[in-house]
Structure formats: structure tokens, C-alpha cells
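Peer 1: starting from these lines, generate the structure:
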Amino acid sequence: MRNFLMAALFALSIPVSAQQQKNDSLALRSLSTEVLTHSKAYANLRELTKTIGGRLAGSPQMVKAEQWAERVLGDAGADTVYKQVCQVPHWVRGAKEEVRIISRRGDKPIKLNALALGNSVGSGASGVTAQVIEVASFEDLDSKKEQVKGKIVFFNYHFRPEFIRTFESYGDAVKYRGQGASRAAKYGALAVIVRSMTHGANNLPHTGSLRYDDAYAKIPAVAIGLEDADLLSKSLKVEKEVKIYLRTNCKMLPDTTGHNVIGEIRGTDFPDQIITVGGHLDSWDVNEGAHDDGAGCVQAIEVLRAFKALGIKPKRTIRVVMFANEENGARGGIRYAELAKIKAEKHVFALESDAGGFTPRGFGFTMPADKQAKIISWAPLFRPYDVYDFSTQGGGVDVGKLYEAIGTPIGELLPDSQRYFDLHHAANDTFETVNKRELELGAFSMAGLIYLIDKYGL
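Peer 2: Prediction:
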């Protein structure tokens, strides 16, 4: 907080002439008019989601999406379009998961709505049948470690509703998805069930990747919908020795070849200085990946298209990147950063959109206070568009790799987050849930920020 206050005070001291403010305001108005009037983002998103659909790394749809990205970047006017090779994981879900509650009282088995977690091993053809034990946290698991062996562990950790920024709820809960399988396997669990990472008022399960600790056995893991999580919890209160039948058919195949797809506008004055803007092209297999992250991809492409349409010739090279494999490996972001370091590239700034195509509220940044102060000084230019939050930390998974590798200042678009985790990694992340106007306002906001950083530097 202290660093932010210092940055804000510094921003107020940056001299900005009235004419300069007017010119910048007019430039942003031109960008907003272009995007809100002629944007291709919504049509591009429709094509990506409806003709290709889910684009899990390693799948045939991944290849089709890369071909789509090459073509659309070319159509948007990129000076050059090319691909960066990277090896990506190839996880396959297989046949539909089966998870059922089996009562000792002889009641009919109750089917639960479940999805295997990404990178999970399968259960084997016969599945797993075992007593289930509910835990509320890792601390609760540790306290019950003597009871875990030979059982299925049910992590029933709720999204915390008091967080207004829902990404804080996600950040608080996601460790149970990511680490739960190995933490339970440490004590001899046979499988894991996780309450979905959502506060949505439905019973859709939400997938997402897990990370195995090689020190312990790899056990199958699934997420279940919230209504079924509550049902299972209630069943355990009524009947202590509830059993679960769990069968998953997923497997991990050898790594395969994927690509970051890149389009550039060459800078006029400082072509060796690079400003990156992008989203991740992959998605989960169970949905169309409209908000996560088709929206971010088409918004980044729209930045390039709008610059070209208005004849804006950036001083620095604007590089639009469709990152590979963010969902279950982040291999695209890692490779992009590796090559930037190997080539000793000069990266001025990197911006990502990976929080949905909802109404933009601002940007999050990870950078030194003086650089953020410079950006904060531009905040009044965005207020007419109801974009006002420039104080939050952030950056995103893919551009975060660039920050880790070479210290590049990074940022991310911050849309309104209230609806995002209703559909994140779930079957309802479809094109129909994206509002055209909101998507375009996000694209304009990104274009405006890129325009100012290119014009003034950081």
C-alpha cells in the first residue's frame, strides 16, 4: 500500500500540458470509435468458438486454432505473422467420467456431476470404490491422516463470498484443486474429489489442472458441482460410511508440438523495443473457451487491427501473441520468455487479457512504482469510458513468465469479475455468454493503454 501511495503522489507531480491531454484524449476517442463501430472481435470470437470449439493443448482443435490465428492476424493487417515452436503436454480426458454415491442402506446409487481434473491419471477400467472422507482444509486433512488410507478424500472447501474481487476467492481456494491429490496420496488416499472452484448457482463441475508431487502416488482426481458437493456433504452427516464409485478414463500422452502464433506491427523509431499484447489460444476440452480465453485473443488482435485501420504507426514494435498451453502447463509463456532472454530482446511492456470478456474496470500491473505512476497519470483519459482502476497488482500467467525471466513490466486487463467464475473451466463458457459491447470496450481499453505506452514509453 505504501508503494502505491508513493506512486500515486508521484503521478500527480508529472507535468502534463493541456494540449498534450487534449491530443491524447482525441486519440483515444478515435480508437474507441473505431473499435466500437468497426470491431472484428465478436465475429472472430464466433468463428473461433463455433467452428473450432474447445482447444486443449495437443488436440486436433489446437492445430486448427493455430491456423485460425495465423489467418486472422494476417487479415487484421499484421506486417509479419509467424509461429514459435514449443512442446506442449498432451492430456486426453477419454470417455465421460462416472462418479456415484453408494449407500450402505441399499438405496439407489446417486450419480454426481463430475469432471476429471486436467493432467489427472485415470482410475483404471474397474474404477475405484471406497469409503469417502470429507475434509474442510489441508489442516483438517492432516488432523485426520490416520483415517485416510484406502479412502477417497473429498475436499469441500467453499469459495469465500466476502471477497468482492472474485479472483481473491479463486486464489484462496485453488490450492485444493492444484495440490489436493498429492496431499491426500501422502496419507494413502485412493482418489480425490474437489468442490468446484466457483460460487455459481448451478451444479456444473469446473475442471482445471492439478500438479502431482512425484514423491507420492498419482491418484485420480475429479471436481463435482456445488449442488452435488452439498449433497455429498449432507449424505456424510446422515450416514458416516458412505462409499463412492469413481471411474475416469483420462491419460497423459507424450508431449507434442504446439506453437505461439505471433503477429507484429514493426516500430518506426525503436523497432527493437517490443510491446507485447496477447491472450492464450488454448482452452479446456469441455467448453468453447469463449471467455477463457477466446475473448483475450480476439481483443489483442483487435488492438492490431484498430492501429492499422487508423493508420497509427507505432514507434515501437507491437507484438500480438496467441500463447499456447496456458491451461495445463504454461509452455507457451515459458517458451516466449526463454526466447526473449536468449535473443536479448528489449521488452518495454507486456499486457494480457485472461479474465473474461466482461465490462472493463481497469488494469493490474507488476512493475516498479515510478513506471506505474506514469501509467496512473493517464487514468483521467480512461475515466470517460468508466475504466478507473489502475492500482491493482497483476499481470497474468503468460506475460508473468516474461517478468520472471527478464523483469519486463507487465499488466492485465481487469474486467468486472462477478460472473467470471460462474463459467470458468465449465461447460457453460460458450460464445453466447459474451456480450459484444463489453468485449469491444475491453479491446478499446487495451488499445488505448498500448497507444500511450508506445507514445511515451515507461
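
Peer 1: any regions of this structure where pLDDT drops low?
Peer 2: Applying pLDDT under 70 to the chain flags residues 1-16, 106.

Peer 1: check it and tell me which residue is nearest its centre.
Peer 2: Against the mean C-alpha coordinate of the chain, by Cα atoms, centre = their mean, the closest residue is residue 354 at 4.6 Å.

Peer 1: wasn't that residue part of a strand?
Peer 2: No: the secondary structure assignment for residue 354 gives coil rather than a strand, going by DSSP: H, G, I helix; E, B strand; the rest coil.

Peer 1: quick check: next helix or strand after whichever strand or helix holds residue 235?
Peer 2: Assigning secondary structure by DSSP states H and E places residue 235 in helix 226-238. The helix or strand immediately downstream of helix 226-238 is strand 243-247, counting by DSSP H and E.

Peer 1: now for the helix holding residue 235, which elements pack on it?
Peer 2: If you count contacts as 3 or more Cβ pairs under 8 Å, 6 or more residues apart in numbering; DSSP states H and E, helix 226-238 packs onto strand 98-102, strand 128-135, strand 152-155, strand 191-195. Placement of C-beta: from N, CA and C, glycine included.

Peer 1: export these to JSON lines and tack on mean neighbour count?
Peer 2: Listed next are the helices and strands packed on helix 226-238 as JSON lines, based on neighbours: other Cβ atoms under 10 Å:
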{"stretch": "strand 98-102", "mean neighbour count": "20"}
{"stretch": "strand 128-135", "mean neighbour count": "19"}
{"stretch": "strand 152-155", "mean neighbour count": "26"}
{"stretch": "strand 191-195", "mean neighbour count": "27"}
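
Peer 1: residue 43: which of those is closest?
Peer 2: Judged by Cβ to Cβ, the one of the helices and strands packed on helix 226-238 that comes nearest to residue 43 is strand 191-195, at 36.9 Å.

Peer 1: hey, C-alpha coordinates of the helix or strand just after that closest one in PDB?
Peer 2: Using DSSP H and E, the helix or strand that follows strand 191-195 in sequence is strand 221-224. Output in PDB follows, covering the C-alpha atoms of strand 221-224 (Å, rounded to 0.1, in the frame of the first residue of the first chain):
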ATOM      1  CA  ALA A 221      -8.900 -36.500  -9.100                       C
ATOM      2  CA  VAL A 222     -12.300 -35.000 -10.100                       C
ATOM      3  CA  ALA A 223     -14.300 -31.900  -9.400                       C
ATOM      4  CA  ILE A 224     -18.000 -32.000  -8.700                       C
END
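
Peer 1: name the helices or strands packed onto strand 221-224?
Peer 2: Against strand 221-224 (3+ Cβ pairs under 8 Å, 6+ apart) you get strand 114-116, helix 175-185, strand 191-195.

Peer 1: tell me which of these lies nearest to residue 145.
Peer 2: Residue 145 lies closest to helix 175-185 among the helices and strands packed on strand 221-224, at 9.6 Å (Cβ to Cβ).

Peer 1: coming back round to it: the residue nearest to the centre of the chain: what's it in contact with?
Peer 2: For residue 354, the contacting residues are 279-280, 292-293, 296, 326, 396-398, 412, by Cβ atoms under 8 Å, 6 or more residues apart in numbering.

Peer 1: now swap in residue 65 and tell me
Peer 2: Neighbour list for residue 65: 48, 52, 55, 281-282, 322 [criterion: Cβ under 8 Å, 6+ apart].

Peer 1: and the furthest pair within the residues you listed?
Peer 2: Spanning the widest gap among those are 52 and 322, at 12.6 Å by Cβ to Cβ.

Peer 1: count the neighbours of residue 343 for me.
Peer 2: Residues lying near residue 343 (other Cβ atoms under 10 Å) number 8.

Peer 1: mind saving the C-alpha coords of the strand or helix carrying residue 448 as PDB?
Peer 2: Using DSSP H and E, residue 448 sits within helix 436-456. Taking C-alpha atoms only, helix 436-456 is exported to PDB below (Å, rounded to 0.1, in the frame of the first residue of the first chain):
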ATOM      1  CA  LYS A 436     -20.500  -7.800 -27.800                       C
ATOM      2  CA  ARG A 437     -20.300  -4.300 -26.300                       C
ATOM      3  CA  GLU A 438     -18.400  -5.400 -23.300                       C
ATOM      4  CA  LEU A 439     -15.900  -7.400 -25.400                       C
ATOM      5  CA  GLU A 440     -15.300  -4.300 -27.600                       C
ATOM      6  CA  LEU A 441     -14.900  -2.000 -24.600                       C
ATOM      7  CA  GLY A 442     -12.200  -4.200 -23.300                       C
ATOM      8  CA  ALA A 443     -10.400  -4.300 -26.700                       C
ATOM      9  CA  PHE A 444     -10.500  -0.500 -26.800                       C
ATOM     10  CA  SER A 445      -9.100  -0.200 -23.300                       C
ATOM     11  CA  MET A 446      -6.200  -2.400 -24.200                       C
ATOM     12  CA  ALA A 447      -5.600  -0.400 -27.400                       C
ATOM     13  CA  GLY A 448      -5.700   2.900 -25.600                       C
ATOM     14  CA  LEU A 449      -3.100   1.700 -23.000                       C
ATOM     15  CA  ILE A 450      -0.800   0.300 -25.700                       C
ATOM     16  CA  TYR A 451      -1.100   3.500 -27.600                       C
ATOM     17  CA  LEU A 452       0.000   5.600 -24.600                       C
ATOM     18  CA  ILE A 453       2.900   3.300 -23.600                       C
ATOM     19  CA  ASP A 454       4.200   3.300 -27.200                       C
ATOM     20  CA  LYS A 455       3.900   7.100 -27.400                       C
ATOM     21  CA  TYR A 456       5.600   7.900 -24.100                       C
END
